[in-house]
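S.K.: requesting a structural model of the entry that follows:
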Amino acid sequence: MKSSNQAVYATAVGDAAALGGLPADTDTDTGAAAGDHAGQIALEGARISARLDRLPATRSIWKLVMLLSLGLFFELYDLMFSGYIAPGLVRSGILTATTHGLFGTSGVASFIAALFAGLFIGTAACGFLADRFGRRAIFTWSLLWYTAANIIMAFQDTAFGLNLWRFIAGIGIGVEIVTIGTYISELVPKHIRGRAAACSQAVGFCAVPIVAFLSYLLVPHRYFGLDGWRIVVLTGVVGAIVVWWIRLRLPESPRWLAQKGRIGEADAVMKRLEARVEREYGRPLPQPASPEPVRARTAFRDLLAPPYRRRTLMLIIFHVFQTMGYYGFANWIPTLLIKQGITVTTSLMYASIIALAAPLGPLLGLLIADRFERKTVIIFMAGVNVVCGLAFSQARETVLLLSLGVCLVLAGNIISYSYYAYQAELFPTSIRARAVGFVYSWSRISAVFSAFVIAGCLSRFGVNGVFVFISGAMAVVMIAIGMLGPKTRDVALEDISR
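M.R.: I've put the predicted structure just below:
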């Protein structure tokens, strides 16, 4: 073992020198010390990862997943209420159902676009925060950020004010999206990464039927002098109360701590976790595998170099087009049903029934997530989306509309939990949050423009035109993932990044 560790150590020093700018054969005392330090960090990081990956999936591991999932619940509540409160915004006279001009700011499309513009800033420009300050701190403060913005937004009476505060809330949601996915992938052992992502999404997507049902009950009416849509927004503010309780029970990512050179803190986190897991496991833990060298430091520019260049391109294409397909339906369900000849109240009732399927997709993932490759699941479900979407555009009968709507939600949310785990697996710890934020930000750009494109398709070509557009986008998703996506099932994060 000693000679093996020495070889790992030497390789790690070489990697650190190549990536960090020090010559591998430097003879200066300073260079040697820096190389030794970087190599030691790389070796200790490898040991922490090996200790984490060998843990059995006991109650303590799943408790961490569930706590993070509660944060995702409030995030998705906020993210998804746009479409469900849209009829209320139109009813109150703040927004119009259609958009005047391609980029008009008084329609529902501008409200949706404002959210995704904020999400773009949060994911593209602020993804570095979790890499710099830690997963735990940014998980907490981003949630508080968008909760405060929502309180202010709920009392706006103009399209400008509504869109401005929706944009500001979107920045916080964007940071949270990046942080939660990164956090979960680093806290759980490799053999349950897929199921952990599915579990978190199942809990998170429980917010969708809840916000849909609340919208059905509240949006058409006024309570306590407030429009129903405002109460729907304010209901999500309870996340501000829950978040501090969640934060106290979450450790920092030991992988992140080790990568930052905070080895003592990483070791302390691991010892506490190992002690709890061993008590629940009822016997000594398996020995960790021999540590393999990890990259001591990776620069953001490495996204344009092998092996990350191909992955980055694949995920950019994926996010641009999957967003058109997913939010093209999810954010427009009530509006699409109204265009099918259904009343506002009935459309909200139908939308709430369809939304009940939202957490079922990730729950199915608990059965299949670590049995099949993530890329295979994404491709298959994108195909289901194409077929069901085209059929939905032709349907008029209630049972058929509801059944196809449920299938579309199921397919979309299975894709969601799959890529949620997949994209976090494809990049190294040192830049994971920034890399995920960068590729994910393309979906936000796509959503901003696709909201107006879908509004135009709906106005000019009706529901049929919307679903032809959505189906074409999902076909591109299938091609990109199929041709460019690597395999990741049951592979250590560090091995995927070599």
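S.K.: for the nearest residue to Arg276 once chain neighbours are set aside, give me its contacts.
M.R.: Among residues not flanking Arg276 along the chain, Ser60 sits closest, at 4.3 Å (Cβ to Cβ, 6 or more residues apart in numbering). Quick note: C-beta positions are derived from backbone N, CA and C, even for glycine. Residues near Ser60 by Cβ atoms under 8 Å, 6 or more residues apart in numbering: 273, 276-277, 280.
S.K.: ok, of those, which come out buried?
M.R.: Neighbour counting with 16 or more other Cβ atoms under 10 Å marks 273, 276-277 as buried within the contacts of Ser60.
S.K.: ok, so of those residues, who is nearest Ala421?
M.R.: Leu273 (20.5 Å; Cβ to Cβ).
S.K.: that closest one contacts Pro251, correct?
M.R.: Yes. Here Leu273 lies in contact with Pro251, judged by Cβ atoms under 8 Å, at a distance of 7.0 Å.
S.K.: still on that earlier bit, just name the closest of the buried ones among the contacts of Ser60 to Met314, please.
M.R.: Looking across the buried ones among the contacts of Ser60 and measuring by Cβ to Cβ, the closest to Met314 is Leu273, at 33.3 Å.
S.K.: from Leu217, how far out is the nearest residue to Leu95 once chain neighbours are set aside?
M.R.: Nearest residue to Leu95, sequence neighbours excluded (Cβ to Cβ, 6+ apart): Leu89, at 4.4 Å. Distance check for Leu89 against Leu217: by Cβ to Cβ, to the nearest Å, it reads 17 Å.
S.K.: ok, Ala266 next?
M.R.: 47 Å.
S.K.: these two: who's more crowded?
M.R.: Using other Cβ atoms under 10 Å, the more surrounded residue of Ala266 and Leu217 is Ala266, with 27 against 16.
S.K.: run through who's touching the helix or strand that contains the more buried one.
M.R.: Take DSSP states H and E as the rule and Ala266 turns out to sit in helix 263-281. For helix 263-281, contacts defined as Cβ under 8 Å, 6+ apart pick out 41, 44-45, 48, 51-52, 55-56, 58-61, 251-252, 254-255, 257-258, 284-285.
S.K.: now with 7 Å, please.
M.R.: 44, 48, 51-52, 55-56, 58-61, 251-252, 254, 257-258, 284-285 (Cβ atoms under 7 Å, 6 or more residues apart in numbering).
S.K.: give me the buried subset of those.
M.R.: Using 16+ other Cβ under 10 Å, the buried ones in those are 44, 48, 51-52, 55-56, 58, 60-61, 251-252, 254, 257-258.
S.K.: just the ones of these in strands?
M.R.: Judged by DSSP state E, the buried ones among the contacts of helix 263-281 include no members of strands.
S.K.: turn these into JSON lines, including distance to Ser352.
M.R.: What follows is the buried ones among the contacts of helix 263-281, written out as JSON lines (distance: Cβ to Cβ, whole Å):
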{"residue": "Glu44", "distance to Ser352": "51"}
{"residue": "Ile48", "distance to Ser352": "45"}
{"residue": "Arg51", "distance to Ser352": "45"}
{"residue": "Leu52", "distance to Ser352": "40"}
{"residue": "Leu55", "distance to Ser352": "40"}
{"residue": "Pro56", "distance to Ser352": "39"}
{"residue": "Thr58", "distance to Ser352": "37"}
{"residue": "Ser60", "distance to Ser352": "36"}
{"residue": "Ile61", "distance to Ser352": "34"}
{"residue": "Pro251", "distance to Ser352": "37"}
{"residue": "Glu252", "distance to Ser352": "38"}
{"residue": "Pro254", "distance to Ser352": "41"}
{"residue": "Leu257", "distance to Ser352": "43"}
{"residue": "Ala258", "distance to Ser352": "45"}
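S.K.: min pLDDT across these, which one?
M.R.: Of all the buried ones among the contacts of helix 263-281, Glu44 has the smallest pLDDT value, namely 80.
S.K.: tell me the contacts of that one?
M.R.: Glu44 neighbours (Cβ under 7 Å, 6+ apart): 258, 263.
S.K.: that one and Gly261: what is the separation?
M.R.: Separation of Glu44 from Gly261 (Cβ to Cβ): 9 Å.
S.K.: and for Leu72?
M.R.: Distance of Leu72 to Gly261, computed by Cβ to Cβ: 30 Å.
S.K.: repeat for Arg59
M.R.: With Cβ to Cβ as the criterion, Arg59 and Gly261 are 31 Å apart.
S.K.: list of residues touching stretch 129-138?
M.R.: With contact meaning Cβ under 7 Å, 6+ apart, stretch 129-138 is reached by 175, 178-179, 182-183, 186, 247, 250, 252-253, 256, 431, 433-434.
S.K.: secondary structure element holding the residue positioned nearest the centre of the chain?
M.R.: Centroid-nearest residue in the chain, with Cα atoms, centre = their mean: Ile177, separated by 4.5 Å. Assigned by DSSP H and E, Ile177 belongs to helix 159-187.
S.K.: buried sites along that helix?
M.R.: Neighbour counts over helix 159-187 (16+ other Cβ under 10 Å) mark 159, 162-187 as buried.
S.K.: following it, which helix or strand comes up?
M.R.: helix 193-205.
S.K.: ok so, going back, near the residue nearest to Leu95, how many other residues are there?
M.R.: 22.
S.K.: Trp229 versus that one, what's the distance?
M.R.: 6 Å.
S.K.: skipping its backbone neighbours, what lies nearest Ala159 in space?
M.R.: Using Cβ to Cβ, 6+ apart, the closest residue to Ala159 is Ser106 (4.8 Å).
S.K.: following the helix or strand that contains the residue nearest to Leu95, which helix or strand comes up?
M.R.: Under the criterion of DSSP H and E, Leu89 resides in helix 59-91. Following helix 59-91 in sequence order, the next helix or strand is helix 108-120 (DSSP H and E).
S.K.: roughly how far is that following helix from the heart of the chain?
M.R.: Relative to the centre of its chain, helix 108-120 is centred 17 Å away, using Cα atoms, centre = their mean, to the nearest Å.
S.K.: how about it as CSV, C-alpha atoms only?
M.R.: Once non-C-alpha atoms are left out, helix 108-120 reads as follows in CSV (Å, rounded to 0.1, in the frame of the first residue of the first chain):
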residue,chain,number,x,y,z
VAL,A,108,-47.4,36.5,-20.0
ALA,A,109,-44.4,35.7,-22.2
SER,A,110,-42.5,38.7,-20.7
PHE,A,111,-43.2,37.4,-17.2
ILE,A,112,-41.8,33.9,-18.1
ALA,A,113,-38.9,35.5,-20.0
ALA,A,114,-38.0,37.7,-16.9
LEU,A,115,-37.7,34.6,-14.8
PHE,A,116,-35.4,32.9,-17.2
ALA,A,117,-33.3,36.0,-17.8
GLY,A,118,-32.7,36.0,-14.0
LEU,A,119,-31.9,32.3,-14.1
PHE,A,120,-29.4,32.9,-16.8
